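K.L.:
take this sequence and fold it.
(one chain, ligands or ions: 1)
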Amino acid sequence: MDGVRRALLCSRNAHKARELQRLLPGWSVEPLVVDDYPPETGASYYENARAKAEFGRAVAPADRWTIGEDSGLEVAALGGRPGLQSARYAPEGAPAIARLLGELDGVAERDARYVSELVAISPDGAEVRGTGSLEGRIAGEPRGSEGFGYDPVFVPAGEERTVAELGDEWKSRNSHRARAARALLAALAGSLALVVAGCGNSDPTVQRVLSRFFTHSARARALAARFPHKPGAIPCVLHSLQATCSADVSLVKPDRAVITLTEAWDHGAQAHTWFFFIRQDGTVESVVEEGAASP
Ligand code: IMP
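P.N.:
Below is the predicted model of the structure:
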């Protein structure tokens, strides 16, 4: 388990632990098994997610991260219900779907969205957060067998099939939870970058990691020309637009690092970021991309 972040997901929902295991590269996510979780009384998904992570922090082994996740389905024609109450609207699966379709019987306006909020607390108590949503509409009848909860009646925007038909693979790239997980990884890399920034541009390990990275993989070589080869930002040109290209290295452990490359344009209003999770030998373990498409 060397270099892997071990985390406990503070939820009874086994589907979520399975999804998060796929969504957080470099993490091992297991469910925290306890008899009674405190009731969800927060006024927002964030408050509930944080309460779950804090509850886990109090009971989990000291070396684990704890993760709280709170999510829900918001249906426009129902004024945003079931929302925070999604898990308590009716028992998950067929009963909840039957109640939802009953409430929407004869209703033409079927816009809806899924929301997910993730809060992770590190062994030393630092909090990182990520939010994601997925727009769509409620189908007339359930279709498909993958996913869970309301997935058989949720049709994402731009799709004809339900999430349960599109499947778990689709979900791992596009779901509200996938987006929240990417935002969480981005926030984590950002906060770690701040820690490492204290080392300064002259830190020899940081320099070595970055130079080796730019020569190693084809993907990194393709980006090497426009990004600085030491932590910091330089002006660059993206399709004739003035932009800024910056590089940072974080999480420099004996055997793992995250290289963050960001190109920002339109006076910083638009940005695209690559997070390269790399091993000690410079090989890339995984890449997460965030933000606007490059101009
Ligand atoms: P909680 O976050 O455990 O309070 O409950 C979230 C509830 O929202 C679940 O029980 C589901 O009913 C619904 N939900 C959240 N995420 C999904 C999803 O990815 N697919 C289908 N239903 C979901």
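K.L.:
closest residue of the protein to the ligand?
P.N.:
Residue nearest to the ligand within the chain: residue 149 (2.3 Å; Cβ to the nearest ligand atom). Where you see a C-beta, it was placed from the backbone N, CA and C, and this is true even at glycine.
K.L.:
center of the chain - which residue?
P.N.:
What sits nearest the mean C-alpha location of the chain, by Cα atoms, centre = their mean, is residue 181, with 1.2 Å.
K.L.:
and that one, which of the three is it?
P.N.:
helix (DSSP: H, G, I helix; E, B strand; the rest coil).
K.L.:
now do the contacts for the residue lying closest to it once chain neighbours are set aside.
P.N.:
Closest residue to residue 181 apart from its sequence neighbours, by Cβ to Cβ, 6 or more residues apart in numbering: residue 23 at 3.8 Å. By Cβ atoms under 8 Å, 6 or more residues apart in numbering, the contact list for residue 23 reads 172, 177, 178, 181, 182.
K.L.:
mind putting these in TSV, distance to residue 221 included?
P.N.:
TSV is the format used below for the contacts of residue 23 (distance: Cβ to Cβ, whole Å):
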residue	distance to residue 221
172	28
177	33
178	28
181	28
182	24
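K.L.:
restrict those to contacts with the ligand.
P.N.:
Applying Cβ under 6 Å from any ligand atom to the contacts of residue 23, one finds that residue 177 fall near the ligand.
K.L.:
how is this structure divided into domains?
P.N.:
Annotated domains of the chain cover 5-190, 199-291 [automatic domain parsing].
K.L.:
how distant is the last one from the center of its chain?
P.N.:
Yep, that's domain 199-291 we're talking about. Offset of domain 199-291 from its chain centre (Cα atoms, centre = their mean, to the nearest Å): 20 Å.
K.L.:
give me every residue that touches residue 48.
P.N.:
Listed by Cβ under 8 Å, 6+ apart, the contact set of residue 48 reads 40, 41, 42, 68, 70, 84, 117.
K.L.:
cutoff 6 Å now
P.N.:
40, 42, 70 (Cβ atoms under 6 Å, 6 or more residues apart in numbering).
K.L.:
please indicate which of those are buried?
P.N.:
Applying 16 or more other Cβ atoms under 10 Å to the contacts of residue 48, the neighbour count classes 40, 42, 70 as buried.
K.L.:
narrow those to those in strands?
P.N.:
Per DSSP state E, strands hold the following members of those: residue 70.
K.L.:
what's across from the closest residue to residue 293 other than its chain neighbours in the sheet?
P.N.:
Once flanking residues are discounted, residue 293 sits nearest to residue 272: 6.9 Å by Cβ to Cβ, 6+ apart. On the basis of DSSP bridges, residue 272 is bridged to residue 263, residue 291.
K.L.:
I'd say residue 272 and residue 263 touch.
P.N.:
Yes: using Cβ atoms under 6 Å, residue 272 is in contact with residue 263, at 5.4 Å.
K.L.:
the more surrounded of these two?
P.N.:
Between residue 272 and residue 263, counted using other Cβ atoms under 10 Å, the more crowded position is residue 263 (24 against 18).
K.L.:
pLDDT score for the nearest residue to the residue of the chain closest to the ligand once chain neighbours are set aside?
P.N.:
Using Cβ to Cβ, 6+ apart and skipping residues adjacent in sequence, the residue nearest residue 149 is residue 92, 5.4 Å away. At residue 92, the model reports a pLDDT of 94.
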